[in-house]
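Peer 1: Sequence first, then the predicted structure:
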Amino acid sequence: MYSPVGVKTSPDFPIPDKMKAWVLGNPGELKLTEKPVPVPKRAEVLVRIDAVAICATDLEIIDHGPPSSIQGGMPFNKNFTPGHEYMGTVVALGPGVDEYKIGQRITVEIHAGCGQCRRCREGMYTSCHNYGLNYGDVDKGHRANGFTTDGGFCEYQVNNINTLVAIPDAMSDEEATLVVTAGTAMYGLTELGGLVAGESVVVTGPGPIGLLGVAVAKALGAQPVILTGTRDNRLRIGKELGADYVVNVRNENAVEAVKKLNGGKGVDYVVECSGAPNAVNEAIRMVNRGGKVCLAAFPHAETPVDVAHIVRNNIYLYGIRGEGKSATHRAEAFMSQKRFDATKIHTHTFPLDDLPTAIRYAKERIEDAIKVVVKAKGVAAHRVAAE
Ligand SMILES: [Zn+2]
Ligand SMILES: [Zn+2]
């Protein structure tokens with residue numbers, strides 16, 4: 001039985017020595033194996049993973065590698081378990097941990113910074129200067145589970161207590177996996193200045209972050225909130241989550257449409273979540289002079305940008321990585337107060353053993369899949385009614 005020295009466990013939550021874990025082989029190849037249940041160190045807990053959502057970044061990592069970095073390089077054939085948008089139950093406490101209790105339900109944010117670099121001290125732990133430095137003789141204490149350390153496509157994982165977010169009993173497992181997605185949107189709006197009540201916001205790209213970006217902007221009081229994209233079914237969900245207007249960029253010019261909807265003027269903020277090749281040049285033309293643009297998507301290729309337009313018009317560009325400055329806690333507060341219904345973007349659930357099927361649904365958007373969740377226990381595959 002699992003009983004590492006210095007680790008507190010409880011008979012109410014018996015822990016096996018071994019667990020099921022998916023590992024990444026060659027690009028695109030996942031294998032179900034067994035691994036020892038990991039052991040929490042100081043300031044860490046062991047989480048029993050109850051649900052994990054699949055993110056577009058997981059698909060990137062599984063097929064191409066970056067932004068994952070394992071042992072200083074590509075993540076292939078290193079016994080690495082991907083997956084990062086998970087939630088679960090605290091089942092063991094590492095030495096010195098009294099901030100959480102065994103049995104407590106939590107969701108996680110991804111990045112545990114090293115805590116000792118300058119950026120971590122500023123709350124910018126997603127920009128930790130010791131990113132990925134936790135291999136060989138080096139252990140800077142940095143973890144980004146599913147990116148630089150083992151992630152959530154398995155039954156148990158260790159997490160630094162600073163990455164845990166307590167959730168209420170009323171929040172379902174599936175909804176809890178979406179807290180970090182809303183947290184990324186919240187971080188973007190925080191970095192843009194945060195006080196967006198009464199100011200105008202465009203969100204470009206109705207993926208999960210974009211859709212919850214609409215919800216968070218509206219909950220913060222933005223007016224109007226405009227969502228642009230190419231798929232009508234996604235735009236419709238954006239309206240349900242609070243968009244005042246939606247623009248299908250296949251039917252009209254996005255920049256002109258945005259200006260028209262905001263009384264002929266550009267908007268105050270754009271949150272760019274599409275990663276489209278022309279997205280930055282469009283975003284800088286959607287904002288008014290002195291406006292701010294947050295870049296939250298990873299585009300595939302380098303793209304030329306009209307710098308002269310940015311300079312002439314005093315436009316600010318912000319790149320954001322993940323969900324820093326405890327934005328996840330603020331997102332959870334909105335969700336537990338039911339300020340918006342994030343479950344509108346959850347479409348499918350599969351058992352953990354069926355991860356390859358779940359990934360296929362997410363990748364090929366089968367049955368209009370948006371957020372696909374896998375659960376370790378007691379789940380038959382089902383589609384959530386999208387109504
Ligand atoms: Zn993600
Ligand atoms: Zn750091």
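Peer 2: Here it is on my side, so go on. Ligands and ions are numbered 1, 2, ... in the order given.
Peer 1: At the contact with ligand 1, which residues of the stretch 1-150 of the chain appear?
Peer 2: Within reach of ligand 1 by CB under 5 Å from the ion, the stretch 1-150 of the chain has these residues: 55, 57. All C-beta atoms are positioned from the backbone trio N, CA, C, and that covers glycine.
Peer 1: one more time with 8 Å, if that's ok
Peer 2: Proximity of the stretch 1-150 of the chain to ligand 1, by CB under 8 Å from the ion, involves residues 53, 55-58, 84-85, 110.
Peer 1: What's the ChimeraX line that selects buried ones from the residues you listed?
Peer 2: Selection of the buried residues among those in ChimeraX, burial being defined by 16 or more other CB atoms under 10 Å:
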select :53,55,57,58,84,85,110
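Peer 1: Low-confidence bits of the stretch 151-300 of the chain, can you list those?
Peer 2: Scanning the stretch 151-300 of the chain for pLDDT under 70 picks out nothing.
Peer 1: where along it do the strands fall?
Peer 2: Remark: strands assigned in the stretch 151-300 of the chain by DSSP state E, counting those that start in this stretch are 156-160, 164-166, 201-204, 225-229, 245-248, 267-272, 287-295.
Peer 1: Tell me the helices and strands packed up against the fifth one.
Peer 2: Right, the one you point to is strand 245-248. Helices and strands touching strand 245-248, by 3 or more CB pairs under 8 Å, 6 or more residues apart in numbering; DSSP states H and E, are strand 225-229, helix 232-240, helix 254-261.
Peer 1: from the middle of its chain, how far away would it be?
Peer 2: Chain-centre distance of strand 245-248: 24 Å, with CA atoms, centre = their mean, to the nearest Å.
Peer 1: And for stretch 250-264?
Peer 2: 29 Å.
Peer 1: Quick one: end-to-end length of that stretch, please.
Peer 2: Using CA to CA, to the nearest Å, the end-to-end distance of stretch 250-264 comes to 21 Å.
Peer 1: next one: stretch 212-228
Peer 2: Separation of the first and last residues of stretch 212-228 by CA to CA is 13 Å.
Peer 1: and it, which residues are buried?
Peer 2: Buried residues in stretch 212-228, counted by 16+ other CB under 10 Å: 212-220, 222, 224-228.
Peer 1: what's the answer for stretch 299-314, then?
Peer 2: Buried residues in stretch 299-314, counted by 16+ other CB under 10 Å: Ile310.
Peer 1: Can you tell me what sits against it?
Peer 2: Contacts with stretch 299-314, where a contact means CB atoms under 8 Å, 6 or more residues apart in numbering, come from 275-281, 284-285, 289-291, 315, 317.
Peer 1: for that stretch, the distance to its chain's centre please.
Peer 2: Worked out by CA atoms, centre = their mean, stretch 299-314 lies 26 Å from the chain centre.
Peer 1: measure that stretch end to end?
Peer 2: For stretch 299-314, the first-to-last residue distance is 24 Å (CA to CA).
Peer 1: Stretch 25-44 too?
Peer 2: Across stretch 25-44, first to last residue, CA to CA, it's 28 Å.
Peer 1: Excluding sequence neighbours, find me the nearest residue to the residue in the chain positioned nearest to ligand 1.
Peer 2: Going by CB to the ion, ligand 1 is nearest to Cys55 of the chain, at 2.9 Å. Nearest residue to Cys55, sequence neighbours excluded (CB to CB, 6 or more residues apart in numbering): Glu85, at 5.3 Å.
Peer 1: next one: Gln104
Peer 2: With CB to CB, 6+ apart, the residue lying closest to Gln104 is Val90, at 4.7 Å.
Peer 1: The one you found contacts Val165, doesn't it?
Peer 2: No: using CB atoms under 8 Å as the test, Val90 is too far from Val165 to be in contact (11.7 Å).
Peer 1: The chain against ligand 2: which residues are in contact?
Peer 2: Residues of the chain lying near ligand 2 by CB under 8 Å from the ion: 113-121, 125, 128-131, 140, 142.
Peer 1: Tell me the buried residues within those residues.
Peer 2: For the residues of the chain next to ligand 2, a neighbour count by 16+ other CB under 10 Å gives the buried set as 113-115, 117, 119-120, 125, 128, 130-131, 140, 142.
Peer 1: can I get these in CSV with pLDDT?
Peer 2: Formatted as CSV, these follow (pLDDT from 0 to 100):
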residue, pLDDT
Gly113, 94
Cys114, 94
Gly115, 93
Cys117, 96
Arg119, 97
Cys120, 96
Tyr125, 95
Cys128, 96
Asn130, 95
Tyr131, 93
Lys140, 91
His142, 93
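Peer 1: can you tell me which of those are in helices?
Peer 2: Among these, DSSP state H puts 119-120 in helices.
Peer 1: For Ile161, state which of the buried ones among the residues of the chain next to ligand 2 is nearest.
Peer 2: Of all these, Gly115 has the smallest distance to Ile161: 11.2 Å, by CB to CB.
Peer 1: Now the phi/psi pair for the closest residue to that closest one other than its chain neighbours, please.
Peer 2: Closest residue to Gly115 apart from its sequence neighbours, by CB to CB, 6+ apart: Gly141 at 6.1 Å. Dihedral pair for Gly141: phi 80, psi 0, per degrees, to the nearest 10.
Peer 1: Identify the residues contacting Gly141.
Peer 2: Gly141 is in contact with 112, 114-116, 130, 134, 160, counting by CB under 8 Å, 6+ apart.
Peer 1: Now distance to Val37 too, for these, in TSV please.
Peer 2: Compiled in TSV, the contacts of Gly141 are given as follows (distance: CB to CB, whole Å):
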residue	distance to Val37
Ala112	19
Cys114	25
Gly115	25
Gln116	28
Asn130	26
Asn134	19
Asn160	17
